[in-house]
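S.K.: Here is the input, now give the coordinates:
(chains A and B)
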2 protein chains.
Amino acid sequence: MALIDQPVDTLDTPTLILDLDALEHNLTRMADSARKAGVQLRPHAKAHKSAEIARLQIALGAVGVCCQKLSEAEAMVQAGVDDVLVTYPIVGPHKMNRLAGLARHATVAAIADNPDQVAAFGRVAREHGVTLTLLVDVYPGGMRGGVDPGVPALRLSQLIAGTPGLAFGGLQAYNGAAQHVRDYGQRRQAFESYADAIRDTRDRILNSGLPCASITGSGTGTFAWEAQSGVFTELQPGSYVFMDADYALNQERDADVDGFRHSLFVLTTVVHSARAGFVLVDAGVKALNTDPAQAWVWGQPDLLYTPTGDEQGRIDVPRGRALPALGQQLLLVPGHCDPTVNLHDEMVAVRASRVQAVWPVTARGAMT
Amino acid sequence: MALIDQPVDTLDTPTLILDLDALEHNLTRMADSARKAGVQLRPHAKAHKSAEIARLQIALGAVGVCCQKLSEAEAMVQAGVDDVLVTYPIVGPHKMNRLAGLARHATVAAIADNPDQVAAFGRVAREHGVTLTLLVDVYPGGMRGGVDPGVPALRLSQLIAGTPGLAFGGLQAYNGAAQHVRDYGQRRQAFESYADAIRDTRDRILNSGLPCASITGSGTGTFAWEAQSGVFTELQPGSYVFMDADYALNQERDADVDGFRHSLFVLTTVVHSARAGFVLVDAGVKALNTDPAQAWVWGQPDLLYTPTGDEQGRIDVPRGRALPALGQQLLLVPGHCDPTVNLHDEMVAVRASRVQAVWPVTARGAMT
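M.R.: This next block holds a predicted model:
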């Protein structure tokens, strides 16, 4: 258990570390970008799952948060966040009833991509005597969800607007596949073709006489472009808060997403240092994500981390370099922040190498 | 929240399902195997992290449990388990102090693979006025921990036996790399060469005049061989409780590890079913392990599951087969049980398609 003012190098490991200076820098930079571009910011809470960070984002001007799962949204509302968009399909009567209940306590919106789902939302809204706001989820290509842009999206928008109990809120337009395209030109192209389709869909909706209040999407990999597009009214980035190793590979390649700092680390301890060429550390698959995106050893680029077991990682040490000693601590930059945070019950928030606070991961494991 | 007697097909998803008939079959089969072979069973709790399952294992004759992390051991002792071996290196004064505290409340043992660690354990034991039992962790090859078998292991055993405050408990001999070798002959060979090294080490220890109370190791992939080896006195299998998809690949290939049933599932719901060739389900990286071992769709071998996001998986559907419908539920067999269980706060224990109990994952996230 971390204590306030405890020096970081005396913490038990493995533990999740949040660098508050870097965090505040990232939060401010994104808030400023949105403000200057004249778009709303609704950061995605699936990255941090933290009520504390959500409150900081809102204090800096965010209109609310996005959540991926309804249980995340419930946790955020319970923690005082009063405006939540659930960006993942809500399917089945049990979840729809929960959404209707949540709508009595906060401003909530959900997404839909098919007429059966719209009809079911309408029935539940009328049973509960609430109005549910739905955004049309627009297909970005690939093996993903969403309704096709253009006429199909227009028709679904009209269906929502014409269903008693429902309000049409606009378009959910998240181009997930584009975020991690390494090549700047290819990423830009992936952004533009989807943005064109969204612009066309919006124009069809407006021409039909419907308002289209919100066009919301974007991520850390493309936010600067959506902000300037003249189409998007709201940005949903999540990872910028932490800037994980995977997004940092984008950052190395273009200026539009640079300027964010690594704020999230896993502190780990060397538990075996006796054979040439490697040491073992106490952070493995249960402490760090195991997506293809690999963690880095912070400040020591010649050391290569590989998760080798549930509770163990190997660090390869180049020939001729001294092995890190038994008991030595190292900081790892997670490869992918979202699933890493979700493994931990709390984040140890530090400043100037001392613990300032211990924040619960409010919505940890909230998956329904 | 699952309710007692609720039909499984009305549960909210994704959720972890435990089939009690299959669980009890697996627990009994392993307990019988150990009893017939005349060896102790000390199942590894890192797989299930569940006090309920540990109690069932002990009721069937297990002498206690293994834990991988000290915090897991603390959770098990707190839940009433009174004999725990921590099979992962305990490094640093903070953790050693915790171990000494735990030793006042239960029979605990730890492992060591180097003299500095032994000396540190000795100092902590004397400061706390307890006796700490240490087993020598014997190197199984590869980029793993442990001290070399033979003379180095003998010397470390003698050092432990001669250190005030410490008791020499025997050998920790887990051949992790052998467990998942698919080829029967190669797996058998990997088992035998390590077993020979352990036998030689034991003989050196006994010839030196030291007792060697416990020789403990093995896993679900090789347990039948350790049981019959005449060397091992104790088995540490974990995954047999659940029999995940990865171990099932071994099971298909040889009879020694067959006879276990899949007892662990993730119940998931189709959230998008609108395009040819695939549907999307609500279980992804945050609900199932993402080791290379992939999950299966239970009972529907023509459907192929791939995790495609934090909260989403894709199921590829062969041409000509009807798509699973929006809202339909499917059961997934996790690829790797340990990290899957660790993502969930509870397991829904079912029998005859109804909920019998909801068991907390007692040591979820216990990683220090």
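S.K.: and A:Ile215, what helix or strand is that in?
M.R.: Per DSSP states H and E, A:Ile215 falls inside strand A:214-217.
S.K.: tell me the mean pLDDT for that strand?
M.R.: Taken as a whole, strand A:214-217 carries a mean pLDDT of 97.
S.K.: so what strands line up beside it?
M.R.: Sheet pairing here is set by DSSP bridges, and for strand A:214-217 it gives strand A:166-173 (parallel), strand A:234-235 (parallel).
S.K.: Please enumerate residues in contact with it?
M.R.: A:40, A:42, A:66, A:85, A:135, A:169-175, A:198, A:202, A:226, A:231-236 (C-beta atoms under 8 Å, 6 or more residues apart in numbering or on different chains). From N, CA and C alone the C-beta is placed, and that goes for glycine too.
S.K.: roughly how far is the following helix or strand past that strand from the heart of the chain?
M.R.: For strand A:214-217, the succeeding helix or strand toward the C-terminus, using DSSP H and E, is helix A:223-228. The chain centre lies 17 Å from the centre of helix A:223-228; the measure is C-alpha atoms, centre = their mean, to the nearest Å.
S.K.: For helix A:223-228, name the packing helices and strands.
M.R.: Packed against helix A:223-228, as judged by 3 or more C-beta pairs under 8 Å, 6 or more residues apart in numbering or on different chains; DSSP states H and E, are the following elements: helix A:20-37, helix A:184-207, strand A:234-235.
S.K.: Swap in 7 Å and give it another go.
M.R.: helix A:20-37, strand A:234-235 (3 or more C-beta pairs under 7 Å, 6 or more residues apart in numbering or on different chains; DSSP states H and E).
S.K.: Would you mind saying which of these lies nearest B:Ser208?
M.R.: Proximity to B:Ser208 (C-beta to C-beta) singles out helix A:20-37 among the helices and strands packed on helix A:223-228, at 55.0 Å.
S.K.: can I get the CA coordinates of that closest one in CSV?
M.R.: Coordinates of each C-alpha in helix A:20-37 appear next as CSV, following Å, rounded to 0.1, in the frame of the first residue of the first chain:
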residue,chain,number,x,y,z
LEU,A,20,1.2,14.0,-12.5
ASP,A,21,3.4,16.7,-14.2
ALA,A,22,3.2,14.8,-17.5
LEU,A,23,-0.5,14.0,-17.0
GLU,A,24,-1.4,17.7,-16.4
HIS,A,25,0.7,18.7,-19.4
ASN,A,26,-1.2,16.2,-21.6
LEU,A,27,-4.6,17.2,-20.3
THR,A,28,-3.9,20.9,-20.8
ARG,A,29,-2.4,20.4,-24.3
MET,A,30,-5.5,18.6,-25.6
ALA,A,31,-7.9,21.0,-23.9
ASP,A,32,-6.1,23.9,-25.5
SER,A,33,-6.2,22.2,-29.0
ALA,A,34,-9.9,21.6,-28.8
ARG,A,35,-10.7,25.1,-27.6
LYS,A,36,-8.6,26.8,-30.3
ALA,A,37,-10.2,24.7,-33.0
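S.K.: Tell me which helix or strand comes right after that helix.
M.R.: Counting by DSSP H and E, the next helix or strand C-terminal to helix A:20-37 is strand A:40-41.
S.K.: Averaged pLDDT, that following strand. What do you get?
M.R.: In this model, strand A:40-41 has a mean pLDDT of 98.
S.K.: so what strands line up beside that strand?
M.R.: Strand A:40-41 is paired, per DSSP bridges, with strand A:234-235 (parallel).
S.K.: Contacts for the strand it pairs with next, please.
M.R.: For strand A:234-235, contacts defined as C-beta atoms under 7 Å, 6 or more residues apart in numbering or on different chains pick out A:34, A:39-42, A:214-216, A:218, A:223, A:226-227.
S.K.: what does stretch A:272-284 give?
M.R.: With C-beta under 7 Å, 6+ apart as the criterion, stretch A:272-284 contacts A:13-14, A:266, A:268-271, A:307-317, A:323-326, A:330, A:332, B:89, B:113-114, B:143, B:145.
S.K.: Now which of these would you call buried?
M.R.: Buried members of these, counted by 16 or more other C-beta atoms under 10 Å in any protein chain shown: A:13-14, A:266, A:268-271, A:307-315, A:317, A:323-324, A:326, A:330, A:332, B:89, B:113-114, B:145.
S.K.: Filter these down to just the ones in strands.
M.R.: Among those, the members found in strands (DSSP state E) are A:266, A:268-271, A:307-309, A:312-315, A:330, A:332.
S.K.: mind putting those residues in a markdown table, distance to chain B and pLDDT included?
M.R.: Output for those, formatted as a markdown table (distance: C-beta to the nearest C-beta, whole Å; pLDDT from 0 to 100):
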| residue | distance to chain B | pLDDT |
| --- | --- | --- |
| A:Val266 | 10 | 98 |
| A:Thr268 | 10 | 98 |
| A:Thr269 | 6 | 98 |
| A:Val270 | 7 | 98 |
| A:Val271 | 4 | 97 |
| A:Pro307 | 9 | 92 |
| A:Thr308 | 7 | 91 |
| A:Gly309 | 7 | 90 |
| A:Gln312 | 8 | 94 |
| A:Gly313 | 11 | 96 |
| A:Arg314 | 6 | 96 |
| A:Ile315 | 10 | 97 |
| A:Leu330 | 13 | 97 |
| A:Leu332 | 13 | 97 |
